Structure formats: C-alpha cells, structure tokens
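>>> prediction below, plus the sequence it came from.
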Amino acid sequence: NSAGGDAGSTDGRTLRVVLTQEPPTLEPCEASLTSTGVVVRSNITEPLVERDPVSGDLDPLLATGWKQTTPRTWTFDTRGGVTFQNGEPFTAEDAAFSIERAVNSDLACNVEGYVFGDDDLKVKTSGDNRLTVTTAEPDPILPLRLSFVEIVPRTTDTKAKVRIPIGTGPYAVRDWQPGAAISLNRYDDYWGKAPDFPRARYVWRSDASVRAAMIDKGEAEIAVALDPMEAEKDTTVAYPNNETTALRLDGREAPLDDRRVRRAIDMAVDRDGIIDALLGGLAEPAAQLVPPGVVGHNERIKPTRQDVTGARALVREAKADGVPTGRTITLVARNGMFSGVSETAEALQYQMQRIGLNVKVRMADTATHLQYQLRPLPENVGPIALLMMHGNQAGDTAFTTSQYLLSEGPQSTFGSKDLDRRVAEAGALSGDKRQKAFADLLARQNRTVVQYTHIAHMNGLLGLSRSIRYEPNSATGDELRLSEVGQATAARR
Amino acid sequence: MSEGITMPGEEHSAGLGSGAEAAATVAGAEAAAPGSGTEAAAPASGAGAAARASETEAAARASRTEAADRASGAGAADPALAPGTEAAPNPRDARTSRWWRMLGRDRAAAVGAVILGLVALVALFGPLVIGDRAQRQDLDASLRPPSLSEGVYGLLGTDVLGRSVLARLVEAAATTLSVAVPAVLCSLAVGSALGLWAGYHGGRRESLAMRVADVILSFPSLLIAVVVLYVFSPSALNIVLILAVTRIPVYLRTARAEAAELRSRLFVDAARTFGTPSRKIIYWHILPIALPTLLTVATLDFCFVMLTESSLSFLGIGIQPPEVSWGLMVAQGRQYLQTAWWITVLPGLAIVLTTVSATVLAAWARIATDPAQRWRLTLPTKRRGASAAVPPELIP
Amino acid sequence: MPDIRAASAASEASAASAASAATAEAAARPLLEVSGVTKSFGSGRRRLTALDGVDIRLGRGETLGLVGESGCGKSTLARVLLGLERPDAGTVRFDGTDPFALRGKELLAWRRRVQMVFQDPFASLNARMSAAELIGEPWRTHRDVVPTPKAREKRVRELLALVGLRDSDAHRYPGEFSGGQRQRIGIARALALDPDLIVCDEPVSALDLSVQAQVLNVLSELRERLGVAYVFISHDLSVVRYIADRVTVMYLGKVIEHGDTEEVFDRPQHPYTSALMSAAPVLDASRTTADREIQLQGEIPSPFDIPSGCRFRTRCPHAENLCTTEPPPLATRGTTAASGTHTALCHFPLGVAGESAGM
Amino acid sequence: MTRTAAPAPTGTDDPALDVEGLCVDLSTPLGTVRAVDGVSFSVRRGRTLALLGESGCGKSMTALSVVGLLDPAARVTGGAVRVRGSDTLRLSPAERRKLAGPVLSIVFQDALTALNPVQPVGRQIGEAFRIHRGLSRREAREKAIELMTRVGIPEPRERARSYPHQFSGGMRQRLLIAMAVALDPDVLIADEPTTALDVTVQAQIMRLLRDIQNERDMALVLITHDLAVVAQRADDVVIMYAGTVVEKGPVRDVFSAPRHPYTQGLLDSVPEHAVRGRPLPAVPGSPPELSAVPPGCAFQDRCPLVRERCVRERPVLRPAGEGRTTACHFAEELTHA
Amino acid sequence: MFPFLRKRIVSSAIPLVFVVLGVFFLARLTGNPVDLYLPLSATPEQRAEFSADQGFDLSIPAQLWNYLVDAAHLDFGTSLRTGESAGGMVLDAFPVTLQLAGVTMLLAVTGAVLVGSLAAYRPNSLVDRVASLLSMTAASIPDFWFAIMGVLVFGVGLGLLPTSGTLGGPEIWILPVATLLIRPFGVLVQVVRGSMVTALSAPYVKIARSKGAAPRRVIFGHALRNAVTPVLTVAGDLTVGLVNGAVIVETIFGWPGIGKLMIDSILQRDFAVLQAAVLLTAVTIFALNILVDVCHALTDPRVRQAVPA
Ligand SMILES: Nc1ncnc2c1ncn2[C@@H]1O[C@H](COP(=O)(O)OP(=O)(O)OP(=O)(O)O)[C@@H](O)[C@H]1O
Ligand SMILES: Nc1ncnc2c1ncn2[C@@H]1O[C@H](COP(=O)(O)OP(=O)(O)OP(=O)(O)O)[C@@H](O)[C@H]1O
Ligand SMILES: [Mg+2]
Ligand SMILES: [Mg+2]
C-alpha cells in the first residue's frame, strides 16, 4: 500500500477497480442491488444459469442443462466437480438451499421481490445433481429468473444476511476494510478457466472526476460510471448499459391528461441535442422503454423527431379545447441518476417551455424521487413529469410492462384496459410470439397511451487502464466479471 | 524595536519649520478669527472666562478640523469657504463627503467598494438588461470557449447547454445576492436582538440564549438542509431560512459578548439612574456601539453563506435549476474543469472577488466608523500602524 | 462667577424656589438617611462584603465628603444611593421614603430627585451622542419634565450656560471636548431633572489640576444657587476639605469616622483617619511630611476575609489585644461646630491634641 | 556596548541622562504635529528630576522617546538622548536593546495593565536577568524573589508564582518598580507611578522609590502632575506646557517664586491653598490642541499677562536666576509681583 | 477551576438532549424509508412487514421511547443499509474524521499563528498586506473546487500526490488536509493578526521591550499567550464545523468519515445510523467546547479563578 493510494500499487498482479460507492453488503441474495451485484455476481458467487448479455441467450453455469418437464416444473442438472471456496463440494442440495434462502425465507432478500414477486417456489432435489423447481403458475422464463439467484453453500446463515459470502466463483473475498477497500483473491480451485489476475481490489469514489483521475494517474485499472466528458480519452470505453431514460407523464392531471399535450411534449424534445451536448454522444435516441437485445424490443418504432412547430400547434389546439396548458408542470428528476441529469432536466424544461407549457424543475434525492415513482403516488402535487431511468437487466420486456405499462402498474400512473389485457396475454407466450406480442405492445403504447416521452438508451462509460484488456457489455454495470479482464499483452484494439 | 525613531540625517533644529506644522499653524490662525470675534461681546472673569476660553478653543478646533479635512481631501482649500464666513456647514453633507474621502484614502477598500458596487448594480439591473439570455439554450453551441467574435454574450463562452456564461453570471449575481443578503440580514437581526437582550440582562436569560446557540451549533446543519430542501420544497426562500437559522449563533454570541461588556459601562449606569427601561437602554446605548462589530461579522459571514450555498449545490441540495447562482455554477461546472474551465472558474472568481472585497471593505468600515481609529485612514498606509482587528467572532 | 449667574431667568427661578424649599424643611428631616446598609457580592467562600452596616445622614443643600482607601466601598455606597444596587440589609430613606419600595410612577418620580456625576467623564458619556442629546437624555424617559422639543432645546441651552458651556457646543460630540468640558456635560445632565441630591463619585480625580479647579467651581456655584445636596466621593483630601461640610471616612466597608470637615481634618479620632491625613503629600515644602508621616504597615486585608474585632487592627499602630476580640464601640466626641457630632469607631480614639495632623 | 555591572562612579558632574532639544512628531488626523518640541533637561545620579505639566503636554511622549518605545504613529525628529556617552537615538535597535534595563529603565503608570496577565510575576521580574545576564530560569527566579522581598512583598517565594490579578494595585506597582530596578539602571524614569493609587499606597510607593534610589544611586525622572508629590520628592523640576518646557529649576525655588504665569496658575489652583466657599483661582481655558499651537507663546490664550508681543513672538528659555530658566517674555513682572 | 468545569459540563449537556430529540424528529420528517430498501416491485404486504420489522409502524412517541431506552443501553439499532450495528459503524467512521480535523486544525493554528504574528508585527507592511490578501482569498475559495483542482493538478498533472484514498503513506493526507485547511487557515490568520495587533500594543509589551526583550521574545513570550483567547474560540468553532462538515472532503477523497456517513444516512433514510452519528458528533462538540474552555483556563489564569456568576 504505497504511493498508489487505496487501490494498492501497480504491481501488475492486482486488478484495481474503482466503483461509485461502497457496497452496503456483499450478501448474495441482495445481488440485484447494483452496488452489491457488481462485486458479487459471477465473481464471488455464481447462479445456475447466466444470460449472455449480448445474445440474450441463457448459458449453463452451475447447471449444465435444464428443461421444462411440466408447465409448472423445471428440472436442472447441476455441475459436478465444483467446490465452494470453503472447500465443500457443490451439489444440487446447495442449489436448492440457495433458492429456498433467497426466495422463500424471511430474509426479505432484494431478489425475492424483484424477480419472483409473491410466489413461493417449491424446490426438490433428487441425487446430487438434479433439481426440480415447481412454480404456482406456469412460468416460461423461470431459468431466466433463476439466473438472479446466486448459489451459496448449505452452511450459510438462514436467519440473517451475511456480509461476506462464500461462493463458487473465480474470486474469494480476502479482506474488507470498511470504508476503504475490498480485496479479493483468485480462488485456485475454481472449476472454470482461471482468471488472469491473482488479486483484485475494489475501492470507491463518488466523484466521477476523481475516478477518471485515478485511471489517468494509474491508480486503478477499471473505473465505472465516468462522465461523458471523458469519452474522448482513449482510456475510456462506452457500452450500452440497458438503461433507458424517459419522462413519465402523469396522465391523471391536467394538462397532462390530454394526449395532445403528451404527444406535444414527445415532439418537443431534442433527443440528438441532449445526447450530443449533455451525454457526450454516448446514447441512442429512444422510442421505447427497452433497448435492443431485450426480448420484445421493437426495431420498427423510430424515435420522434423534434418538431417544435408541430408541438406548439398541438398545445394550442389543446388550449383551444379548454385544457389548462398554463398549469405548472413539475419536472422531477433525481440527483445522480446519471451524469448530466440536472442539465438534462434543464434542457427538457426549456424545450417544454418553448412549446408553450409551464414547467419547473425539482431535483430530488433518491427517497423523494421514489415517492414520485412508486405507487401510491403522492397526492396534490399537481401534474408531474418524472424523469426516470429504467434498466431491464433481465432481458425480457415482461419485467418492464408489468411495472410501467399496466394501468395499475407499481410504476405507472395510468394506462388503458386494452393494453392491460395485451400485457397479460403476452406474458404467457414464449418464443417469437412473445417477441412479437411485446413489440406490438410497445408500439401501441406510443400510439394510444403516450405515457412516456422516451429520451435515450443510455451508454455507460468505463475507464480502462492501458495495461488491461476488457470488453464491456450491457451487463457490465451490474455484473463486472473480473475473469473476463486480461492483461494487455498486445496493444489494445 | 525602534521603528518609531528615524535617524535624522543632520541635526534638527528645535524650532519650528516642518511644512506640516506650518500648515497647522495657518489653519489655527484662520480659526482664531471667529473665536475672538465672539469673545469681545462677553464679560470676562473667573470661571466664566475659563468656560468661554474653552468655548472659543472648541470652536476653533471644530473649524480647524473642517479646514484640515478640506485641505487634505481636495488638496486645495477654497478660501471663500474659510471658517469665518461659513455660517453653518451642512453637517450631513460634510459627513458624507468625509466618508468618501476616507474611502479614497484606503486604496484597497476603494477598489473593494467599486467591485461591490458593480456587483450590486449588476445584480439589480443586470437581469433587466440580459432578459432571458441566461436561460436561452442552444445545444449546438455547447461549451464554446470565451471569444471576442461571438458578440457580447459569447465573451465569456457558453456552458454545456449553450447558454451564455456572461448572462448566467449576471443572473447568478442576482440570485446569489438575493440568497446571501437576506440570509445574513435575517440571522443578523434575530441573533443580534437575542444576543443583546441576553448579554444586557445576564444571568438566566444569558445562559438560556447561549444554550440555544449551542444547540444550533452542534446540530448538523446539513441535516436541516436536507430535511427542509428535500422534504419541503427546495426554494431559494428555504435556503435563506436554513442559512439564516444556522448562522444565528454567530451573531448571538457576538452581540451577547458586546452587550455583556457594555452593560457595565458608566453611561449605561447613567441611563439607569434616569430610570430608562432596559429595552430602551439596549436600543439607544448598546445597539449603536455593538453594530459596527456586528456588521463586520455580517460582512464576513456573507462569504461563508455564499460558500455554503455553493457546497449545498455540490451535494445537489442548493439552488435548484433553472435558477442559477454562482455556487451552483461552480458546482455544476466542476466536471468540465478540464474541458471547459470557464464555466467553473469564472463564477468561482466572482465569489472570491466579492468576498475579498467585502472583507477589505469591512475592515475599512470598522476603522472608519470608530472615532478612535478613524484618523489612521488619514495617514499614509505605511505609517498607519495597526488597523482594526478582525473581530474574534468571525466564526464560520 | 458672573456668567453662571447670567443664566436664564427660568433656571434662576427654579433655583430660587428649590433653595427656599430646602431651607424651610432642612431642619425638619434629613434629605437622606442611610442606616445599617449592608451589601455583599458573590457567594460561599468567595463572598465579599463591600458595605457593612453603613450609616450616613445628609441634610438638604449639604455636602457630605466620603473618603477612604480604594476598594472600601465608596462607589458601592453611591450605587446603592442611586438605586443601582439593592442593599442586602439596612434602609435607605430619601426624604422619608424608601426608594427600593417604589414602583412605576413613584419610582420614576424618585429617580428625578437623585442624580449622579461619574468619575470618568470619558466613559460616562456615550461617545455617539451629541452634547444636547446627552443632556436631554433623561427627558426621553421623563417626558413630562420638559414636554416640547422647543422647550427642551431652550432648557439645554440654559443648562449649558449653567455649567459654563456655549450654545454651539450643543451639537458637538464628547470626543470633541476636553475632559473638564465633558465633566460639565455630565453635571448638566445630572441637573436636567432638577435633582435634590447629586452623588459625585470621584468627579475630579480623572482631571488634572487646572481643570479640577474649574469643575469644583461649577459644583460649589450650583450648590449655592440651586441648593443641591452632594455626596462627594474623593480620595483627594484637599479637595474634600475644600468642598465638604461633613466628612465620612470609610475603611473596608464600614464607616469609621464621621464629623464636620474641620473637626475630622484637624482632630481625627480614628488612627486610620490620622494616617490618611498624614500620608497626603502637601505642597508647602516647608512642611514636608516625611518626619510626621504615620506609616501604615502591611496591606489592606482582603475583603473576602475581614479581620475579627476591629478591622483596622492589622495595620493600626495602637492595636491591642482588645482590638482583636471586640468590635470597637462608637466613640462620640462633643461637637465644636453648630451641627452634628464627631463620631469614630475605635477602642482607643485619639486625643484632641495628640497625633492631630494639624494642617 | 557591553554591559558592565559596576555603576559609573558617583559624584562626577556628567549627567546620567542628558536630553537635548528632543523633538517628537506625531501623525494625527489633522496632519503631523509636534508633540514634543525641543525639550532639554539632564539629571545626575542620585538626583530626582520632576517632569510636571498638564495632561497631554507631552510628558509621557518625552519619556517614551528616551527609552525608545514610541508608538509607530510618533517619531523622534530631532535632538539627542545621551546616556553613558552615547546618543541612544543613533543606535541600532539591537544596541538599544542592550541599554534597555541595565542603563535606562522605566516604570509605567498603569499597574493594572502593565503586567502581563498570563505570566507569573516571578517570571516577569526575572526576565531581565535572563535577557541581559543569561541566567537560567531558576537563578532568575531567585533574583526575582530577592527583588520582591526588597519592594516589600510578603511571602515572596509563594507570591512569585501568583499572577498579576492576584495582587492589589499598590503591590502591582511595587512589582513594576522591582522589575524596573532589577538591573540597577543608571536612570529610572517613573511615569506617573502613583496616579491611580490612593494616598496611603501612594505614600508607600514614593517612599519605596526614594529608598531604592538612594540605595542604588540612580538618577530618577519622576513624571507627574501632582504638585505636592513634586514638592516633596524632587530636587529639580521641569514644567512643560503644550510640548515645550516653560520653566526649569530647583523645586524649592520654582514653587516658592514661579517665573512663568502657567506655573503660577498651577500653584494657585491647588485646593490646599483655597478658602472654603471661595472659588478656586483656576487657570481658565484648556491647553491648545497640538495641531494648533498658536505662533508666539503657547500659553497666550490663558495667560493673565498676555500682551501683543506674546502673540507675535515665541518666548525662548532664558536664564532666570541661578539654575533656573523660564520661557516667558515677562518673567520679571511675576518675580516682582 | 473545578466548579467552573462542573457548571460548564452540566449546562452544556442540556443542548445535547435537544440535539438528540431534534434529530429524531427531523429524521422522521423525511418520510418512511421503506421504499428505498425494498425492491421497486415489492408488494404492499412486503412493505408492511418491513415497516413492522423496523418498528416504523409504531407511533412516533413509541418509536422515540424505544429509541431512548435502547440508546440508554448504548444500543443504537442496526443500519437499514448494511445491517450492521449503527453504533459500530459510527465508531468506525469517527476516527477518520477526527484525525482529519485534528491534523487540519493543528496545521491551521500553527500556520496562522506564524503568519498572523508576522503580519501583526509590522502592520500594513508588504508582508502584512500579502498575508491578509492571501488569507482572505483562501477563506473564500469553494472547497470542492479546490479539491478537484488539487486532484487534477497535483494528482494527475504533476503526478506528485495520490489522487485520493485513505490507505498509504503520509502523502495521502496532503490533499484532503489542504482542502480542509484553506478556510480555517484563512480565517485564523485574520483572527490571529487582529488579536496580535491588540496584544502587541498592550502596555505589558512595552514593559517587555523596556527590559530589552528581542522581537521573538516579545511576540512568542508575551503577546501570543494573551492573543490566543479569541484564536482558541474561533479554532474551536472551526473544528466543530469540521467535525460536522468534512462531508465534501470525505466525499471527494473517499475518506470513510462521519460526515460522509451522516450525509449518506440522511440520503438513505438510515435513521439509526444518522441518530448515532449525530449523537456522537454532538458529544464530541460538547467535549470540544469544554476543551476550549479548559484551554482558556490554562492560558489565562484569570479565567481559572473566575467565580462563576
Ligand atoms: N459588582 C460587584 N461584584 C463583586 N464585587 C464588587 C462589585 N462591585 C464592587 N465590588 C467589590 O466591592 C468592594 C468595594 O468596591 P467599591 O467600588 O465600592 O470601592 P471604592 O471605595 O469605590 O474603591 P475606589 O476608590 O477604587 O473606587 C471592592 O472590593 C470591589 O472589588
Ligand atoms: N499614540 C498616539 N496617537 C496620537 N496622539 C497621541 C498618541 N500618544 C500621545 N498622543 C498625543 O500626544 C500628546 C502628548 O501625549 P503624552 O502622553 O506625552 O502626554 P502626557 O503629558 O504624558 O499626559 P498625561 O498626563 O495625560 O499622561 C497628547 O496630546 C496626546 O493626545
Ligand atoms: Mg470607586
Ligand atoms: Mg502620560
């Protein structure tokens, strides 16, 4: 620990990663929290199956194969010859235990609510290597859901969450100095390919410029979530991070209850301008809540082109019909949602004002923002345009629609009966039909409901030191696989 | 340790001769005329003579003061306005012009005053001139560096939304001042009132007030800020209120200390012997004396308030866009430090310049308002000796 | 002092009436009667008795000189007389009433009758008020005394004239006056309410000789013309001897000798008084004091720890065992002058011819 | 110059302190004024010279310029201050510091503030030994205790550890004297050493000063405006008015037969000489403001003898009898009055 | 001295109570933290269950009572965010802040005493004016700006210092301390200068000079100790500011101090941690005030003997 600061010295053997914040815990069943998952997932612990972030296909990990035996039952074959970092062998019992612990216990694991809702799962093992999971309703995407369950040994505490987990992953936790750093050691008995770096070390800085400076200074090899300003440097790599920003318009309050006004707002936004000037060009204009690569993404809908005159005309028209377009709309955004968020909010406000609406900005903290985002929605706050960011990590639009498009969806302000029905129908489908049904659904919301003014599919910006080689993908933000990082033997790209 | 002594190059004769002395003598002679004129009318004997002699003396002294003031100020005394002919100079005019002259004597303070004046003018009238320029966005013109070719508004470059930094600086001046000034004034008023009351009465009332100050001081002000700004609305008014509340202890302590010291002064005792109620003693006797110190603290606090507002912006709980303050500009611009320095350096410079000017001016004002120190301003800087101390209450 | 006499007719009139009233009632009852006044500060071990059963009496138009070592409680007594400090025990009767029992209007009325001139003319005038404002300050509270602004202006001019200042001085600030002139403003302010009693706490000790003479002249002039009574505190014995009718000598919070000025100065009974007299340097070089000076030994005892018996015994050249055990009795000696007696608090008062300072 | 412990032999006619034509200029709001104007006097060892005059006439200023402790606002513009054969005004600060203490020493008036409130008095008294003799802390303390005994502080060993606020005014003044005489200076200047004290204490202090002076054969310059003190304690007197010397001579002679109307006025206004009930014969008026000392005689505004010549011409110090000088055009009239 | 201290301690403890109560209620005003800690899709039942677990379903007075009872047993609850004991987290974070604040104030006071005395010794000299200007500027620079500049210039540009972090040699202290330092230093220089000017014109300084004391002796032997009272007061208050508000430095440089912990727990509605942190800082501030008083008493014998009125 000399001149290199927290991240340790540049010894070429330690991979130093600088995050935005300290993980509150490393408990695997909380791995769907970004700040925990980025350290734990696929580094310390592994799930049965994993989703390929690029193709969207499911790949075997601790399960070698799976199939749906009845509409409500799936069986999994687990991998043999795998040991936990404490030396215990991995068996189907462990997998069953982990599922029980994450989904059915009283631990209130984050993954439980996030991926599985209320429904409990029935888990059975037969022999060391076979596992049967039974759901209450038919579930075509159960393996995908199970990709969120990190496998821990049977010895793990079931009464309380653990801070430092044991898993089967390529790295094991060596040491956690609270507030300062988390160090990992390569797990030498890892069943898969041994990673390049024998050691890894996480530190955290909340200021993006400091994270960037650490790469520049050679104090870290990887820095996450850099500011778009840094995009021009050759030490940064952008990657699509599955996040989509949008304005959610509260269709219950005038003037947003008028579709013309909502459509006008959609037309008022200068997506290209915002992306170029504020997001460093690191985003794609969006027309839907899910990015390409997610099941249900509709290739055919194009982002709305900015059309100020058209938008003004719509607003005027609405006004002529007695819609109180002068009422102040509150544009709520969250500090730190993404880099440049407050400028983006200002730009949106300005653009909305240009078409004759009255808008004020309110920057909120996470807790306050959540009050606006989640049902029960706050009362008596007037018309709200909520700047939100949605990340579909699971890769299936069903996760999006149930939250954002249902008229009673937890994160939706309104909707239509027709759409609700279609959502229910699409959820039961699989394969191409599923894709088509969801794609159609998304296009339909844009035509009939217009609850969202989609802004951009975001990109993350990763700082990478020249000494390493790493290809980020859409999952990098949630699951930074250290084993994919290699020493830069040859010149990088 | 003998810098008071200069080595005379040659033996200095004991008699008259220095230019300054000659000037003083002339002034004295001038002044003697009206004095002796009045004397002729009055009878003279005993203590009466004594009294009268001192009257003339005082009169002469007064007119001398004016004469000397004039001479030293303008460098050319108008003979038509010699003390003899001048019946009753308007004291207000004389006083105002004396202030200007004293300001002129302190170059640093004069520069400070000019800067502050400019800032105040810009804050008052700037927004009228620039119209909506500070808000007008042009995403295509994002981050243009300062240049002469882009018209007035391009002079200082543009920010990331393509807004003119100059226009934003102007508008931010208004916001910044409209936050800092009321915040300082509120805490000044409340804190001083409480502190004077506590200090004058002493005893239980004093300890009560001091405990209130302790509570406020040991409260994490960030907590209050977050609660008020996130839970209630994050308006400029609320920022003003928070800043005002958290700064109250500063004035409270200062005022208490001053009042506690002043309450045992003889003229306060004197007022009590007339039966003057405490409220009025505080208002008539204590407040006027404590005020310069309190105002100095206030000026210095001004700096603190601006910085705090800026730090709140850094944490995202300061002035909310699209309103803009210098602090917010610095905070928002910090990520462009490497690519577009002007967005953050210029407002930072504005803060530094304003507060340094205010501090310099406050130091000057302390001397200028103190009759016992004021004369120092008439000396050349080198010989001015110790100027007024920054009061110890300069507590952040 | 012709020019003081030349003051306006109004003040002349009020002065005359006050003077005649004073003479009429003078015999009837004393203006001021203080008996057994005790005052201490602090508490517990740090308790300090500043006044311990002090008695004084003062008739109308009389001047009482109060002398004593530094810290013996003179100023504290003055503050008690002014109602600035409430005594722990004992009574103060001003013209028959107890000022500490007064409230509201009556209190204000009493406040009008007793005024004070402070030792330090620099500190007792608020430097930010003009002479006129300073003199008129009491009227801000006592609005009825001089009701209209016009009348006030006039009265300020009268008062200025009375103390020998000019009209034009009204708009000057204390900083522009010399020490003597300031002290006159202080006196004028004390006179603004037409008081019956003025307590002067070392009014001249901050002033130098020639100014001191000017101020003393103003004070005695006023006494003659307005019939004001004074309590005159000083430790300059020659000044007291010049101005006072009676003298009270204090030591460590107690009155140890009281009597007519001439009596006390010429035939002191208490050894402390006698030592005091002898220590005062005199101008007349032929009468150098070196030979007859009574040198007091030791320091003044701490007021926190007052000696038993006679409090002067620690330094008294005549102290005997009795003095340690018994508090001294009040020794009274027949009077020579017309009024009052000459008392001393001593076991062994000095004889008439004995160690008299013989000035 | 190096310090030699042995005092210069007494009896020589060389004055221990010789001030000649001292002028001090003062920067004031009204410009530069001359606060001390050509003041000359000298004093031999064992003798006492009194500097007498109204408040503000420049007595302290004279004393401070002699010891080199003037405020930055004031500066010496002329004259010479000779001690031990060298003119202190022409010495470098470091050389001057060597004189301060062993040769020239001063006692200030305000004992309340002149002692450092946060240092034990023993340390303050011993400091001179540490500076000039390089004694250790302990040795200096012993010396300090000796001195405290000398000035009559009871239980000096214990009291050396006390702080100034634990002493009464008179004791503090004695401590100041102890401090000033620590190194047996040739010249001791006492600037109003008793003004704030009451008569019995004043008498004690004056006695102490006299005893110490006799013991160590010092020259004493006593600054005061108390005529009685001067009458009793001084050999010679210098009377100052508005920055100038108006009369100089042996005390006895000057007081019995003043040759300047100001001296006369001063002597008259002493209440000791007054008859009760009669007004005191005060000197009317107040001294001129330094910025406006009239041309001619500075005393003209207040002088009962003022003539036309006094307005025109400033009187210079002239001999007026043996050992006496006065600055009055009409000194003879007073003499014969 | 002891009665004086006892009295001071008793009277300062009262504000402590108010601070604790105040934080409790203010925290409750910020709303229910349930949403933050449950997944966005959590059901109402899950929310209710979570609330019950954490005791947020009780009435506010009941919550307060529980809190006070637990606090009396030095149990400050567990952090919602990390599940650790709040008291432990706070105690872990505190030394960092204390060290930062301590080092900063030590340097600030020493530096200010040197610079301020130098300036005061020759008022209005070049040194004085430069020192005054610099100190005023230092006191008015936004600290986060200074910090980021420092990182870019010294960390990246010149490569002299590490950019941030807490582990490593003494060099890692430089930037954080410098950032924290500027304002207290600027303020203190002015305070020291002011009170030194006063002290240097005091009569006892004249006496010291009349004894032939050299400038160094005059300044440090005599004037300084007399001038130090206001400096101590201000330094005490500045330290209070640092204990309460090193947030920005801790945020930028990644120091896991109490300031950052406090703001994080405010933003995360982690009441237990917030309450524990505020209580600890309030106690520290209380101790600090007493310390300042003791220092006053140590430097000034008059204070030591003062009879409490
Ligand atoms: N407010 C007070 N609190 C505590 N002690 C006091 C107070 N006022 C006076 N004393 C003490 O009471 C004693 C008498 O004080 P006082 O001022 O009356 O003396 P004095 O005779 O006027 O002295 P001087 O001649 O010095 O003016 C002194 O020991 C003084 O310290
Ligand atoms: N630092 C200063 N700044 C301005 N004027 C000063 C200063 N010191 C002294 N003076 C003025 O210089 C003149 C001479 O002062 P000095 O102190 O020598 O008088 P003094 O004779 O000692 O008077 P006192 O008897 O009151 O001590 C006075 O008019 C005084 O106002
Ligand atoms: Mg007194
Ligand atoms: Mg003097």
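Alright, I've got the coordinates. Numbering: from 1, shown residues only, chains lettered A, B, ... in the order given. Ligands and ions are numbered 1, 2, ... in the order given.

>>> for the chain, what helix or strand is lowest in average pLDDT?
As the question left the chain open, I've gone with chain A. helix A:110-111 (a mean of 72; mean pLDDT, DSSP states H and E).

>>> who touches that one?
Residues outside helix A:110-111 that contact it (CB atoms under 8 Å, 6 or more residues apart in numbering or on different chains) are A:29-33, A:102-103, A:148-149, E:38-39. All C-beta spots, glycine's among them, are computed from the backbone N, C-alpha and C.

>>> now whichever residue of the stretch 51-200 of chain B sits closest to ligand 1: which helix or strand?
With CB to the nearest ligand atom, the shortest gap between the stretch 51-200 of chain B and ligand 1 falls at B:Y200, namely 15.4 Å. Assessed by DSSP states H and E, B:Y200 sits inside helix B:165-201.

>>> just after the least confident helix or strand of chain A, pick out the following helix or strand.
Taking DSSP H and E, what comes next after helix A:110-111 is strand A:122-125.

>>> which positions in that following strand come out as buried?
A:123, A:125 (16 or more other CB atoms under 10 Å in any protein chain shown).

>>> what does the stretch 51-200 of chain E put close to chain A?
E:53, E:81-84, E:89, E:92-93, E:96, E:148, E:151-152, E:155-156, E:159, E:162-169, E:171-172 (CB under 8 Å from any CB of the partner chain).

>>> hmm, the helix or strand containing B:E309 touching chain E?
Element membership for B:E309, per DSSP H and E: helix B:287-314. Yes: using CB under 8 Å from any CB, we find that helix B:287-314 touches chain E at B:303, B:306-307, B:310-311, B:314.

>>> turn those residues into JSON lines, including distance to ligand 2.
Formatted as JSON lines, the residues of helix B:287-314 next to chain E follow (distance: CB to the nearest ligand atom, whole Å):
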{"residue": "B:C303", "distance to ligand 2": "33"}
{"residue": "B:M306", "distance to ligand 2": "38"}
{"residue": "B:L307", "distance to ligand 2": "38"}
{"residue": "B:S310", "distance to ligand 2": "43"}
{"residue": "B:S311", "distance to ligand 2": "44"}
{"residue": "B:F314", "distance to ligand 2": "48"}
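
>>> and which of the residues you listed is nearest to A:D307?
B:F314 (37.4 Å; CB to CB).

>>> is it true that that closest one touches B:G333?
No: using CB atoms under 8 Å, B:F314 is not in contact with B:G333; the gap is 11.1 Å.

>>> of the two, who's got more company?
B:F314 (25 against 22; other CB atoms under 10 Å in any protein chain shown).

>>> which of the residues of helix B:287-314 next to chain E sit farthest apart?
B:C303 and B:F314 (16.6 Å).

>>> tell me who's in contact with the closest residue to B:V324 other than its chain neighbours.
Setting aside the residues directly before and after it, B:V324 is nearest to B:A172 in space (CB to CB, 6 or more residues apart in numbering or on different chains), at 4.7 Å. The contact partners of B:A172, by CB under 8 Å, 6+ apart, come to B:134, B:324-326, B:328-329, B:347, B:350.

>>> restricted to helices, list those residues.
B:326, B:328-329, B:347, B:350 (DSSP state H).

>>> now for the residue of the stretch 201-350 of chain C found nearest chain A: which residues touch it?
Taking CB to the nearest CB, chain A has its nearest neighbour within the stretch 201-350 of chain C at C:F304, 56.6 Å off. If you count contacts by CB under 8 Å, 6+ apart, C:F304 has them with C:45-48.

>>> count the residues that sit near the nearest residue to A:T125 once chain neighbours are set aside.
In this structure, A:T125 finds its nearest non-sequential neighbour in A:A92, 4.3 Å apart by CB to CB, 6+ apart. Neighbours of A:A92 under the rule other CB under 10 Å: 25.

>>> quick check: phi and psi on A:A92?
Main-chain torsions, A:A92, degrees, to the nearest 10: phi -60, psi -30.

>>> so it sits right up against A:D128, yeah?
Yes: using CB under 8 Å, A:A92 is in contact with A:D128, at 5.8 Å.

>>> mutual contacts of these two, please.
A:T78.

>>> which residues of the stretch 151-300 of chain E lie near ligand 2?
Remark: no part of the stretch 151-300 of chain E is in contact with ligand 2, using CB under 6 Å from any ligand atom.

>>> for the stretch 151-300 of chain E, which spans come out with low pLDDT?
Within the stretch 151-300 of chain E, the segments meeting pLDDT under 70 span E:244-245.

>>> can you pull out the strands in the stretch 201-337 of chain D?
Along the stretch 201-337 of chain D, the segments classed as strands by DSSP state E, counting those that start in this stretch run D:219-224, D:236-241, D:244-250, D:318-319, D:325-326.

>>> oops, could you answer that again for the stretch 51-200 of chain C instead?
With DSSP E, counting those that start in this stretch as the criterion, the stretch 51-200 of chain C has strands spanning C:63-68, C:89-94, C:114-117, C:197-201.

>>> tell me which of these sits nearest to B:V231.
strand C:114-117 (57.5 Å).

>>> quick one: secondary structure of A:T69?
Per DSSP: H, G, I helix; E, B strand; the rest coil, the secondary structure class of A:T69 is strand.

>>> tell me the bridge partners for the nearest residue to it once chain neighbours are set aside.
Leaving aside its chain neighbours, A:T69 sits nearest to A:T75 (5.3 Å; criterion: CB to CB, 6+ apart). Beta-bridge partners of A:T75, counted by DSSP bridges, are A:K67, A:T132.
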